Each structure stands twice: as C-alpha cells, then as structure tokens.
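> need a structure here:
(chains A and B)
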Amino acid sequence: MSQTDFDVGIIGGGPAGAALAAYLGKAGISNVVFERELFPRPHVGESLVPSSTRVFKELDFLDTMEAEKFPHKFGAVWTAADSNRLYSHDWKGLAASSYADISFAERQQPGVDMEYTYHVDRGKFDLALLQHANKLGATVYEGVSVQNADFSDDDYVRVNFKLGQRQHDVRVKLIVDASGRKTVLGNQLGWRVRDTVFDQYAIHTWFDGYDRRIAAKYEKRTDFIYIHFLPITNSWIWQIPITDTVTSVGVVTQKKHFAKSRESRERFFWDSIKTRPELYEGLRAAQQVRPLTEEGDYSYAMKQIAGDRIALVGDAARFVDPIFSTGVSIALNGARLASQDIVQAAESGNFSRAAFSNYEATLRRGTKNWYEFITCYYRLNVLFTAFVIDPRYRLDVLKLLQGDVYDDDAPPVLEQMKNIVQTVERDERHIWHRFLGDLTASAFSPAF
Amino acid sequence: MDALTIAGELKDFVLNQLITEDFTAEIDLSTPLFELRILDSLAVVTVLNFINGTFDVSVPLEELTADNLRNLESIGHLVARLSAAPSAETLS
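This next block holds a predicted model:
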C-alpha cells in the first residue's frame, strides 16, 4: 500500500483550488480538496477578465458558464466626477463627463477567441467549478478546515484537520495552499509580508432594481463593468451586473479614509457614494438585498510561492489590489500554470521547490506587471484614462486589461507609463502634475 | 506647416468638436484654454488625436505642459516644432 492517501492535497475549493483540482483530475493525478465552508457561499470578486476563458476551454467548462447564464462582460467603463460641462458634446445631458470605455473585441486574444468574459455570482460559480473538479476525479471534503501541514517527514506531507471533536490527518506528496486571503500555509511558514503601499479597504453589497443606464453613455453597455472614480484619493466604486436586475456595488478606498471618518460603515458607504450624486440617487431608489460586507487584508506578498512539497496559488500566493478584476483570473491562470509543473513532478516523483520554478517565475512575472500597472493607475489616474483614449496606447493597455500579462518581462506600454509618470512628477508645469496621487515612485518596486 | 496655420485649423476643431452651444464667448488664438475650461486634463487627449490625424504629428504626453497648452497659438508652435524636428525613428 502506498505511503500517501493522495498525490496532491489542496487547501481551499475556491477558483484557484477547484481549477487546479480539475486540471489534476483531468491528468489522472489523485487529489483531495479541503474546503472550509459548505458551498454555495457568497464571495467578493465577481467580475472576470478574458484570460479566464483559456482555463474554461481547457477544462471543458464553457458550457457550464453558459448554462448558468452568468452575464456576459464585453468590456469596461470608467467614469469620473471631475466635470467640465463644456466638454460635453455627444453626452446627451448625462452627468458624468470624464468617460472612457473599452471593449474586449477590439483586440484579438490568442487562445481566447471570445469577445466577452463573465460577471459571476460567486456562490454559484465557485460551486459549479468545484463540482466540475469532482466530476473530473477530484475528491472534495467540504466543511473541513485544515489546521496545519506537517513537513517533518521526507516522504509525505501530513495535513491535519478536525472533524467534529476528532483529530484526523491525510498524507499527500504535495500540499497546495489555495486558501485565499486566509493564507493558511503562508501564515504557518511565516512567508506572508504586508504590502504597505496599497492599504485599501472595500465595503460592498448587492442592489436589486438599480437602473444601470444611469451612468451609461450607450445603453447597450449597461452590462459592462463600471468603475466610478470618487473625488477622494484612490477611491472608486465598482458596479457589476449579477443578474438582469441585481447589481453588485462596492466602495474601495484607503483604509485611512475609513478610519478617520469614525462613521458607522453604513454611513461611510453612503457618504462615499454621495460624492457621485447621480449614482447615489439611483442606488437609493433600488433595494439593498444583502448586508454590507467589509474586506480588509488588502495587498500582501509571499517571500516564496513554492517550496519543497508545497505550492501556493490564487490569493494565497499574492493579493494585488482588485481594481482591474484580476483576482479570479490570476487564480485560474495560476492553477493552469501550477498544474503544468505538478503534472511533471508527479511523473518524475520530484516534488522539490525546483520542480515548480517555471510556475514561480511565470506567476511572479504576471503579478509584477499587474502591480506596476495598478501602481501607475493609482499614482496618475488621468494617465491611465489618457492611455485608454489615445490610439497610440489603447490596444497595449487592452492587452493588460484582458489579462495577458504573463509573457513579457517588461511590457513597453508599462515602461512608457512609468516614464511619463516620472516626467509629470518632475515637471510642475505639466498639466497632470496636480493629479498625482498619494503613491510615491518607490511604489514601483514591489516587495516580492 | 507654420504655427499660425496649424493654430487656425485647431481653432476650427475646437469650435466644431469640443465646445457646446451654450459656450458663447469669442475664441481666438490667445484665448486661455484651461482657465476657460475649454480644455481639461482629458479633453486634451482628443486634441492630440486630432493633431495626429490631421498633421501626422505624434505629440508625446510629456509635452503636455501648461506653457505648451496655454492657448491655440502655443499649441500651434508645439506642433510646428515637433513636425520640424527629426522623429525618433529617423534618429535611431
């Protein structure tokens, strides 16, 4: 009898864990998922980017995405309150005046071949993906909270958990932490490092009956994701369609704004939205159907994302500010990349850190690019919008927004953005100088 | 092309494309564009797109200084200077 119960143990059945379990199941590698909750359960992170499609295709999951009737996401829109009423041609009396939008169809994306991605009810989406993994051969334990992993034996990892009052364990050759922002093993091993540059905070809920046309320039774009800038440093609202009538709305701001305000979170949520009166009125007229939920733990890195007999995927490996809807996509593509190394490791029997070097390097490259993109965005918001409307840069920015970030070490468009940010920082006479955000130039060197 | 001819074409663009009917003040080549909110931080990118399409001049975003963008005349000088200068491609 084998010394181990499964080849791979996966902590967490969210998109990272479930996608990895599906990949491994498909490759015939025995694996077990330990999910703390009983699915379905609500979760933040409801909008995807098109690079997710590659994973859905490879896992034969696109039919399920369509069957679940998740809203199709054809693009993104940014609106701002910084209004200049004179610049309003083509506006037909709508309130927001700084406006940019982008459609995924504008750029062909290799391996994707679809003009849209999805917005998802994470309760339904996560359940469907985990069931899919199960169908492909993964064993799934729900309601099982892993306490720790014991690496003291050279031949296996012992995964410890409780069922009721009884202590249990399972032995695996490789343990993967996909526990999301819980970062179960990152904490246990002391790998987690706080990212002090981005100290963001989010508060969000769902509304039924909100009229999504309020902020839309073109009616057919009501199902895009909307990012509404607030006239508060580094603050914005997300507007994500969940069903025909239900819309997810969240306020993202710097933690210090919330701490300083000393208001109840309810009051803070509404006061933030009030800075965009047209949205405030629209949301007040709709019905709030979920309690307000807070998300802290924003932005951290890990000293390592792989080690001997261990790998981290999804939010458990890295959490970057969610401004560009990257969370689920990084989780899915992280699972895709990790599975390639794991399949090889399973063949060779070598589960040492070196076996995951390809995954580690590729994921780091992708998240570094995301990080720099996000840094430019917060440092000089107007530059991002200018790049979107400037034909010289539009498609290169779209490539990043589609989630194609893993191939290039230093995408030229990012280098250009960084150069312009530096020029604007140095030149007080530059018309964008007064728009410089709180982040300093040192933000360009992520901790890991 | 000389700066004043360029400025004249820019004026037509501003009158026809940028300002709304309720803006009634006179606009000439020395009208301060930002003070009167004829241009703002993003509308200026629309002007750059127009310049690129009409004069085949790519204005680097680094050049968006208050001095270069003060009025139509100064933008005309900027475009004339950039069109006269050898482009980066020629240099390399």
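> contacts, neighbours, all on C-alpha from now
OK.
> What ranges does the stretch 201-350 of chain A have for its helices?
A:255-261, A:265-274, A:277-284, A:327-348 (DSSP state H, counting those that start in this stretch).
> Which one of those helices lies nearest to A:V33?
Of all the helices of the stretch 201-350 of chain A, it is helix A:327-348 that lies closest to A:V33, at 13.4 Å by Cα to Cα.
> hmm, back to that, give me whichever of the helices of the stretch 201-350 of chain A is most buried.
Most buried of these by mean neighbour count (mean count of other Cα atoms under 10 Å in any protein chain shown) is helix A:327-348; its value is a mean of 21.
> burial measure for the residue of chain B found nearest chain A, as a count.
Per Cα to the nearest Cα, B:T65 is where chain B lies closest to chain A, at 3.9 Å. Applying other Cα atoms under 10 Å in any protein chain shown, we find 17 residues neighbouring B:T65.
> which ones are touching it?
By Cα atoms under 8 Å, 6 or more residues apart in numbering or on different chains, the residues touching B:T65 are A:429-431.
> let's see it at 10 Å
For B:T65, the contact set (Cα atoms under 10 Å, 6 or more residues apart in numbering or on different chains) comprises A:424, A:427-433.
> one step back: JSON lines please, covering the helices of the stretch 201-350 of chain A and showing mean pLDDT and distance to B:F55.
Listed next are the helices of the stretch 201-350 of chain A as JSON lines, based on pLDDT from 0 to 100; distance: least, Cα to Cα, whole Å:
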{"stretch": "helix A:255-261", "mean pLDDT": "75", "distance to B:F55": "46"}
{"stretch": "helix A:265-274", "mean pLDDT": "92", "distance to B:F55": "43"}
{"stretch": "helix A:277-284", "mean pLDDT": "94", "distance to B:F55": "39"}
{"stretch": "helix A:327-348", "mean pLDDT": "97", "distance to B:F55": "41"}
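> Export those helices as JSON lines, with columns for distance to A:L383.
Listed next are the helices of the stretch 201-350 of chain A as JSON lines, based on distance: least, Cα to Cα, whole Å:
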{"stretch": "helix A:255-261", "distance to A:L383": "24"}
{"stretch": "helix A:265-274", "distance to A:L383": "24"}
{"stretch": "helix A:277-284", "distance to A:L383": "24"}
{"stretch": "helix A:327-348", "distance to A:L383": "23"}
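> Dump those into TSV; add distance to chain B as well.
Output for the helices of the stretch 201-350 of chain A, formatted as TSV (distance: least, Cα to the nearest Cα, whole Å):
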stretch	distance to chain B
helix A:255-261	26
helix A:265-274	23
helix A:277-284	21
helix A:327-348	29
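> Buried ones in stretch A:49-60, by neighbour count?
A:49-56, A:59 (16 or more other Cα atoms under 10 Å in any protein chain shown).
> closest to A:L24 among these?
Nearest to A:L24 among these: A:L59, at 10.4 Å, using Cα to Cα.
> which residues of the stretch 101-250 of chain A fall in strands?
Remark: strands assigned in the stretch 101-250 of chain A by DSSP state E, counting those that start in this stretch are A:117-118, A:139-142, A:146-150, A:157-163, A:166-177, A:192-194, A:200-208, A:225-229, A:236-241, A:246-254.
> Show me the one of these that comes nearest A:E68.
Closest to A:E68 of the strands of the stretch 101-250 of chain A, according to Cα to Cα: strand A:117-118, at 10.8 Å.
> quick one, what contacts the residue nearest to the spatial centre of chain B?
Closest to where the C-alpha atoms of chain B average out (Cα atoms, centre = their mean) is B:I75, at 4.2 Å. The contact partners of B:I75, by Cα under 10 Å, 6+ apart, come to B:3-4, B:6-7, B:10, B:29, B:47, B:51, B:64, B:67-69, B:81.
> so which strand or helix has it?
Taking DSSP states H and E as the criterion, B:I75 maps to helix B:72-84.
> Report the backbone C-alpha coordinates of that helix in PDB.
What follows is helix B:72-84, C-alpha atoms only, in PDB (Å, rounded to 0.1, in the frame of the first residue of the first chain):
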ATOM      1  CA  LEU B  72      -4.100  77.800 -29.600                       C
ATOM      2  CA  GLU B  73      -1.100  79.700 -30.700                       C
ATOM      3  CA  SER B  74       1.200  77.900 -28.300                       C
ATOM      4  CA  ILE B  75      -0.200  74.600 -29.400                       C
ATOM      5  CA  GLY B  76       0.400  75.600 -33.000                       C
ATOM      6  CA  HIS B  77       4.100  76.300 -32.100                       C
ATOM      7  CA  LEU B  78       4.400  73.000 -30.300                       C
ATOM      8  CA  VAL B  79       3.100  71.100 -33.300                       C
ATOM      9  CA  ALA B  80       5.200  73.100 -35.800                       C
ATOM     10  CA  ARG B  81       8.300  72.400 -33.600                       C
ATOM     11  CA  LEU B  82       7.600  68.700 -33.400                       C
ATOM     12  CA  SER B  83       6.900  68.300 -37.100                       C
ATOM     13  CA  ALA B  84      10.100  70.100 -38.000                       C
END
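> sorry, back to before: for PyMOL, write the selection for the buried entries among the contacts of B:T65.
Remark: buried members of those, expressed as a PyMOL selection using 16+ other Cα under 10 Å:
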select buried, chain A and resi 424+429+430+431+432+433
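> Can you tell me which residue of the stretch 201-350 of chain A sits closest to chain B?
A:F229 (14.3 Å).
> what's the burial count for the nearest residue to that residue once chain neighbours are set aside?
Distance criterion Cα to Cα, 6 or more residues apart in numbering or on different chains; nearest residue to A:F229, sequence neighbours excluded, is A:W236 at 4.4 Å. Residues lying near A:W236 (other Cα under 10 Å) number 25.
> Was I right to think A:W236 contacts A:V251?
Yes: in this structure, A:W236 is within contact of A:V251 by Cα atoms under 10 Å, at 6.0 Å.
> what do those two both touch?
Counting by Cα under 10 Å, 6+ apart, the contacts common to A:W236 and A:V251 are A:202, A:228-230, A:272-273.
> any idea how far A:R290 is from A:S248?
Between A:S248 and A:R290 the computed distance is 10 Å (Cα to Cα, to the nearest Å).
> and if you look at A:T423?
According to Cα to Cα, A:T423 and A:R290 sit 45 Å apart.
> Residue ranges in chain A under the pLDDT threshold?
Regions of chain A meeting the criterion pLDDT under 70 cover residues A:1-2, A:81-98, A:260-262, A:297-298, A:438-448.
> Can you tell me which residues in chain B are near chain A?
Applying Cα under 10 Å from any Cα of the partner chain, we find that chain B lies next to chain A at B:16-23, B:34, B:36-46, B:48-49, B:52, B:58, B:60-69.
> if we go to 8 Å?
B:17-20, B:23, B:37-43, B:45-46, B:49, B:61-67 (Cα under 8 Å from any Cα of the partner chain).
> Return the set of residues that bridge with the residue of the stretch 101-250 of chain A found nearest chain B.
Residue nearest to chain B within the stretch 101-250 of chain A (Cα to the nearest Cα): A:D101, separated by 13.4 Å. Beta-bridge pairing for A:D101 (DSSP bridges): A:V77.
> Which positions in stretch A:60-75 come out as buried?
Burial within stretch A:60-75, assessed by neighbour count using 16+ other Cα under 10 Å, is assigned to A:61, A:65, A:70-75.
> who's in contact with B:S83?
Here B:S83 is in contact with B:V57 (Cα under 8 Å, 6+ apart).
> Can you give me the distance of it to A:F61?
Between B:S83 and A:F61 the computed distance is 53 Å (Cα to Cα).
> Export stretch A:338-349 to PDB, keeping only CA atoms.
Taking C-alpha atoms only, stretch A:338-349 is exported to PDB below (Å, rounded to 0.1, in the frame of the first residue of the first chain):
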ATOM      1  CA  ALA A 338       0.900  25.300 -11.500                       C
ATOM      2  CA  SER A 339      -0.800  22.200 -12.900                       C
ATOM      3  CA  GLN A 340       1.800  22.000 -15.700                       C
ATOM      4  CA  ASP A 341       4.700  21.800 -13.200                       C
ATOM      5  CA  ILE A 342       2.700  19.500 -10.900                       C
ATOM      6  CA  VAL A 343       1.900  17.000 -13.700                       C
ATOM      7  CA  GLN A 344       5.700  16.800 -14.500                       C
ATOM      8  CA  ALA A 345       6.600  16.500 -10.800                       C
ATOM      9  CA  ALA A 346       4.100  13.600 -10.500                       C
ATOM     10  CA  GLU A 347       5.700  11.800 -13.400                       C
ATOM     11  CA  SER A 348       9.300  12.300 -12.100                       C
ATOM     12  CA  GLY A 349       8.400  11.900  -8.400                       C
END
